[in-house]
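> here is the input, now give the coordinates:
(chains A, B, C and D)
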Protein chains: 2
Amino acid sequence: MLRERLRAFEEALKARGLKATAQRDDIARVFFAEGGHRSVEELYAAVKRVNPRVGYATVYRTLKLLKETGLAAERRFDDGQARYEPSEERAQHHDHIICERCGKIVEFNSEELEAQQQRIARFLGFVLSRHRLELYGICTDCREGRPSKRGGKGVQQVV
Amino acid sequence: MLRERLRAFEEALKARGLKATAQRDDIARVFFAEGGHRSVEELYAAVKRVNPRVGYATVYRTLKLLKETGLAAERRFDDGQARYEPSEERAQHHDHIICERCGKIVEFNSEELEAQQQRIARFLGFVLSRHRLELYGICTDCREGRPSKRGGKGVQQVV
DNA sequence: TTCGTTAATGAAAGTGACTTTCATTATCGA
DNA sequence: TCGATAATGAAAGTCACTTTCATTAACGAA
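Okay, the predicted model is just below:
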């Protein structure tokens, strides 16, 4: 899985006439291994632990590359910094609900919601190309004073 | 209307022990008169035309104040700068659809969509406090090569 | 293998959108 | 009219990136 993704990245680089470097490999490896919705800062720190010689700008540049090759999806929630998550070719589109207390991020997908958005856009004369939907609230764990584990359960399918 | 809003602002200031100043009045006046979804840059330019002595920081500070007193709503679309729109006490909640070509912003509200989001949040164990929804696409005018007027038709009620 | 061309890297400087600092000015209740 | 306190403008500071530039590394050709 990880190996497969790293190969996809290398191929994408070759296809663009770019070079495979140790830094790019280290960064991509960490990025795919970490998963989740990581900020550049978090990824930079994680990469440093593997290879302390990697520069800050290179992490930014590589993430941009991963995004352009479709291997990473960039998200911008309300905390003012970009977050990245690994995305596969035929990964399922999804939106996010975020706990305002503990920061937990849950992914969900709703066909119903998507259809509704399409209807609205059409009604207003738009051809929809993309959307951004984020729900903010408080999760059960926080409401009940439980220590909440940072979820990684994948995309929740909802009605 | 405008007069009424300016009074509301002055009262909000007084209630917080803040002072009424010419700058705040000028900025609020321009803000309410302009309407729409204006960036700070745009508002700053418009204020300058009325009163060239008003500083940049004061526009930011006053907008923040207007936001805190509930008289302005802050929006952050994908262009990386905050935009503000006047909001009344019992103004209708709404979302936005934005043309990626001409930048036109149309406001809409869908009970159905709101209800659906509530259902999803509840299903995932969240108590919803707010959401952010932006649809991006191309408007009819742009698709047909027509010069598109920057809409200001208010909130479109949709299913 | 060795070159040589061209891309990649790290450190540091630069950006853009704000936000804060600070010396000066204005407000407003007594 | 005062005086305490808040507000202002200019400029410096922040934060999250992005770009520059001198140096280093990759890789296709010889």
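> for the residue nearest to residue A:28 when sequence neighbours are not counted, give its distance to residue A:66.
Spatially, and ignoring its direct neighbours in sequence, residue A:28 is nearest to residue A:9 (5.0 Å; CB to CB, 6 or more residues apart in numbering or on different chains). Where C-beta positions appear, they are placed from N, C-alpha and C, glycine not excepted. To residue A:66, residue A:9 is 7 Å away according to CB to CB, to the nearest Å.
> up against DNA strand D, what does chain A have?
For chain A, the contact set with DNA strand D under CB under 7 Å from any atom of the strand comprises A:19-22, A:39-41, A:56-57, A:60-61, A:64, A:80-82.
> repeat the analysis, applying 6 Å as the threshold.
A:19-22, A:39-40, A:57, A:60, A:64, A:80-82 (CB under 6 Å from any atom of the strand).
> helix, strand or coil for residue A:129?
Using DSSP: H, G, I helix; E, B strand; the rest coil, the structure places residue A:129 in strand.
> ok, residue A:67 - contacts?
A:73-74, A:84 (CB atoms under 8 Å, 6 or more residues apart in numbering or on different chains).
> what is the nearest of those residues to residue B:127?
Closest approach to residue B:127 among those (CB to CB): residue A:73, at 27.1 Å.
> who's in contact with the closest one?
So residue A:73 contacts A:67, A:84-87, A:91 (CB under 8 Å, 6+ apart).
> same check on residue A:94?
Residues near residue A:94 by CB under 8 Å, 6+ apart: A:107-109, A:155.
> what about 10 Å?
The contact partners of residue A:94, taken as CB atoms under 10 Å, 6 or more residues apart in numbering or on different chains, are A:73, A:85, A:106-110, A:133, A:154-157.
> list the helices and strands the helix or strand of chain A with the lowest mean pLDDT packs on?
Least confident helix or strand of chain A, by mean pLDDT, DSSP states H and E, is strand A:155-158 with a mean of 92. Helices and strands touching strand A:155-158, by 3 or more CB pairs under 10 Å, 6 or more residues apart in numbering or on different chains; DSSP states H and E, are strand A:95-99, strand A:105-110, helix A:111-123, helix B:111-123.
> and if we set it to 8 Å?
strand A:105-110, helix B:111-123 (3 or more CB pairs under 8 Å, 6 or more residues apart in numbering or on different chains; DSSP states H and E).
> turn those into a markdown table, columns for mean pLDDT.
What follows is the helices and strands packed on strand A:155-158, written out as a markdown table (pLDDT from 0 to 100):
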| stretch | mean pLDDT |
| --- | --- |
| strand A:105-110 | 96 |
| helix B:111-123 | 97 |
